[in-house]
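Asks: Using only what follows, build the 3D model:
(2 chains)
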Amino acid sequence: MDIKAYIALSLTLFTIGIVGVLTRRNAIIVFMCVEVMLNAVNLLLVAFSNMHAASTAAKALPTFASDAQIFVFFIMIVAAAEVSVGLSIIVMLYRNTHSIDVNFLNRLKN
Amino acid sequence: MNAILLSALWGVLMMFSGVFIKSKTTPKYLALAGIILVFIANAFELNAFGKGAIHFNIDTKEMLNIGSFNLTFIAVVLACTLLFFLLSGRDIEKVGEHVGEYFALIFFVICGVCISATYNTLLLLFLGIEIMSIPLYILTGSDKRNLKSNEASLKYFLMGAFSTGIMLMGIAFIYGGNPNGSFFINNIQMGEGTMPIMIAVGLVFLIIALSFKVSAAPFHFWTPDVYDGAPTVFTSFMSTIVKVAGFFAFVRLFENSFGKVQSQWQNLIVFITVLTLLIGNITAVFQQSVKRMLAYSSIAQAGFMMLAVFALNTMAKEGLLLYAAAYSIATIGIFAVLIKMNDYTIEGFNGLGKKHPLLALCTTIFLLSLTGIPLTAGFQSKFFMLMAAAENTGKFWLIIVAVLFAAISAYYYFRVIQAMYFKEPGVEVIAEKEITPSFKVMLAIAAVLIIAIGIYPEFVVGWMYHQ
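Replies: Below is the predicted model of the structure:
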């Protein structure tokens, strides 16, 4: 398939993620939207890796362009670490306020 | 290399110390020993650099680029952390129950700082920034019962994760647009003329994400709330060491492949610099709380550090090293005094000069250094930055703008000095018993360091050329 289709799909997912982060009020939904953004990047990296592997430069070197696939694993690991920290922060907030509404945060300004 | 490995190992050790050591004061000494050890190991590596002397090394396939510039920067960061531990170690113990873990997280941040100071591929840039940020989310929320700390933590976390997503998108686009199919920052093929559209899009994403991390305008809006809400000791840490590390990563990214097409992205950096200086300085003028004022002042100082990204020459590198040292020492010192205060507003400082002359004198020196008065380190670092910007290109107006904003910054720094010396003391300005003689000695040493670097900047910069 053409690389443009992958770029379009990935950018769509990424935009859904950004719009979700900026508009939703529930901390867990915001968090899910961040994960959607990260997975859009994963998809794009793998697609680019495949694109580079089909190029002429790849003929000489079999491992050419496999870096991106390794990168995807690192993103997954970091995302897992972020989930563990993020959910515990949300749980901590819920214990103190019984709410996970992000609007609540505006109190800091006063 | 030594610093990366040792700080990660010592972080793990500190975590276990939380299990085995019940005393609340012991972890501080363990952490002090650790940071001194890491500093010495790094100093050995710097001293032996280029001489082929044997030191611990791992073949990273050039994914890390270790030179005397990076090692000097790591040495500055480690020295500032040592100062931070000595000045504020007792206050870290007061944040909560898990003292060992706080120190462990700080060591992990240091490991991330060292990685993002030496990275050579975009993969390690990402990992370094993340290793630096994730422990900070926890440290920000470490005052678990305090609602402000909780909210700051959640806000920092969501903003951080969001900017990570943007940074990764940028990296993916740069990878896709690079026919070399590589993540190495010195192996990005720009082509002739304007750079390919995919690399340009990726670069803009990366600039946005890194501006988030170093809190440059217009992506600074999380900074005041987070710095205000976090426990003050950790604000001191993250507004200094973590911030300068972010700038170092910024400069490293641009001095390689992207440096060759500087004219294409320079205007974007100029825009960010001017906006950061404007918003940081103007908003700081209206703050009543010193903690919040320092948060805005850190944005304003970030504007000055952006000049290094703008200029990208040898002078800029020297300036960044000096700026890292001058800004970190001064801000850590002010925060160390601020933590002892009962009242964080500017009125809280009233009459400190009469009650504690030494504390007031040191704070004055730090504030003068942040303003950039001659004979202090702050003056030298600002001077180097402006020289670098002047050497670079014909954007002379940028230097005038920067100097004007430095003059504005004098207003809000001097307000604190005025409160200390020319106002009558309040009921009780400071918790008396917390001012130990050793605290005073350390504060005086920090003030002397500021003046020493101000008179003799080669003290820091010279190591950059160590062969």
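
Asks: How about the contacts made by B:Leu320?
Replies: B:Leu320 makes contacts with B:73, B:244, B:247-248, B:251, B:305, B:308, as judged by CB atoms under 8 Å, 6 or more residues apart in numbering or on different chains. Using the backbone N, CA and C atoms, a C-beta is placed for each residue, glycine as well.

Asks: Up against chain A, what does chain B have?
Replies: Listed as neighbours of chain A in chain B under the rule CB under 8 Å from any CB of the partner chain: B:123, B:126-127, B:130, B:134, B:137-138, B:141, B:144-145, B:147-148, B:150-155, B:157-158, B:161-162, B:164-166, B:168-169, B:171-173, B:175-176, B:179-183, B:225, B:228-229.

Asks: Emit the ChimeraX select command for whichever of those residues are buried.
Replies: Provided next is the ChimeraX selection string for whichever of the residues of chain B next to chain A are buried by 16 or more other CB atoms under 10 Å in any protein chain shown:
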select /B:123,126,127,130,134,137,138,141,144,150,151,152,153,154,155,157,158,161,162,164,165,166,168,169,171,172,173,175,176,181,182,183,225,228,229
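
Asks: Could you tell me which of the residues of chain B next to chain A belong to helices?
Replies: Assigned to helices by DSSP state H, the following of these qualify: B:123, B:126-127, B:130, B:134, B:137-138, B:147-148, B:150-155, B:157-158, B:161-162, B:164-166, B:168-169, B:171-173, B:175-176, B:225, B:228-229.

Asks: quick one, helices of chain A?
Replies: Going by DSSP H, chain A shows helices at A:3-23, A:27-53, A:57-60, A:67-97.

Asks: can you count the residues close to B:Leu46?
Replies: Neighbour count for B:Leu46, taken as other CB atoms under 10 Å in any protein chain shown: 22.

Asks: Correction: the previous question concerned B:Ala446.
Replies: 22.

Asks: pLDDT at it, what is it?
Replies: B:Ala446 carries a pLDDT score of 95 in this model.

Asks: gap between the closest residue to it other than its chain neighbours and A:Ile3?
Replies: Distances taken as CB to CB, 6 or more residues apart in numbering or on different chains put B:Gly333 closest to B:Ala446, at 4.6 Å, once the chain neighbours are dropped. Between B:Gly333 and A:Ile3 the computed distance is 54 Å (CB to CB, to the nearest Å).

Asks: So between those two, which is more surrounded?
Replies: The residue with more neighbours, out of B:Gly333 and A:Ile3, is B:Gly333; 28 against 15, by other CB under 10 Å.

Asks: The particular helix or strand that has that one in it: how far from the chain's middle?
Replies: Using DSSP states H and E, the element containing B:Gly333 is helix B:314-340. In terms of CA atoms, centre = their mean, to the nearest Å, the centre of helix B:314-340 is set 8 Å apart from its chain centre.

Asks: Past that helix, which element shows up next along the chain?
Replies: Next along the chain from helix B:314-340, counting by DSSP H and E, comes helix B:352-355.

Asks: Alpha carbons of the next helix or strand after that next one, as CSV, please.
Replies: Per DSSP H and E, the first helix or strand lying C-terminal to helix B:352-355 is helix B:357-371. Taking Å, rounded to 0.1, in the frame of the first residue of the first chain, the C-alpha atoms of helix B:357-371 are listed here in CSV:
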residue,chain,number,x,y,z
PRO,B,357,22.5,39.6,58.0
LEU,B,358,24.5,36.7,56.5
LEU,B,359,21.4,35.1,55.0
ALA,B,360,20.2,38.4,53.6
LEU,B,361,23.7,39.2,52.2
CYS,B,362,23.9,35.8,50.4
THR,B,363,20.3,36.2,49.0
THR,B,364,21.2,39.6,47.8
ILE,B,365,24.3,38.2,45.9
PHE,B,366,22.1,35.5,44.3
LEU,B,367,19.5,38.0,43.3
LEU,B,368,22.1,40.4,41.8
SER,B,369,23.5,37.5,39.9
LEU,B,370,20.1,36.6,38.4
THR,B,371,19.7,40.2,37.4
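
Asks: which helices and strands does helix B:357-371 pack with?
Replies: The contact analysis (3 or more CB pairs under 8 Å, 6 or more residues apart in numbering or on different chains; DSSP states H and E) places helix B:357-371 against helix B:314-340, helix B:352-355, helix B:377-392, helix B:396-422, helix B:437-455.

Asks: What angle do helix B:377-392 and it make with each other?
Replies: 10 degrees (axes from the mean of the first three to the mean of the last three CA atoms, to 10 degrees).

Asks: for helix B:357-371, what is the average pLDDT?
Replies: On average, helix B:357-371 scores 93.

Asks: can you check stretch B:27-45 too?
Replies: For stretch B:27-45, the per-residue pLDDT averages 93.

Asks: So what's the gap between it and the chain middle?
Replies: On CA atoms, centre = their mean, the centre of stretch B:27-45 falls 19 Å from that of its chain.

Asks: residues of that stretch that come out buried?
Replies: Here stretch B:27-45 shows B:27-28, B:30-31, B:34-35, B:38-39, B:41-43, B:45 as buried, counting by 16+ other CB under 10 Å.

Asks: Just the ones of those in helices?
Replies: Short answer: those in helices (DSSP H) are B:27-28, B:30-31, B:34-35, B:38-39, B:41-43, B:45.

Asks: mind giving me CSV with the residues you listed and columns for distance to B:Ile66?
Replies: Listed next are those as CSV, based on distance: CB to CB, whole Å:
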residue, distance to B:Ile66
B:Pro27, 30
B:Lys28, 30
B:Leu30, 27
B:Ala31, 25
B:Gly34, 21
B:Ile35, 20
B:Val38, 15
B:Phe39, 16
B:Ala41, 13
B:Asn42, 10
B:Ala43, 14
B:Glu45, 8
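
Asks: list the contacts for the residue of the stretch 251-400 of chain B found nearest chain A?
Replies: Nearest residue of the stretch 251-400 of chain B to chain A (CB to the nearest CB) works out as B:Arg292 at 10.2 Å. Shown in contact with B:Arg292 (CB under 8 Å, 6+ apart): B:224, B:227-228.

Asks: which of the helices of chain A is buried the deepest?
Replies: helix A:27-53 (a mean of 21; mean count of other CB atoms under 10 Å in any protein chain shown).
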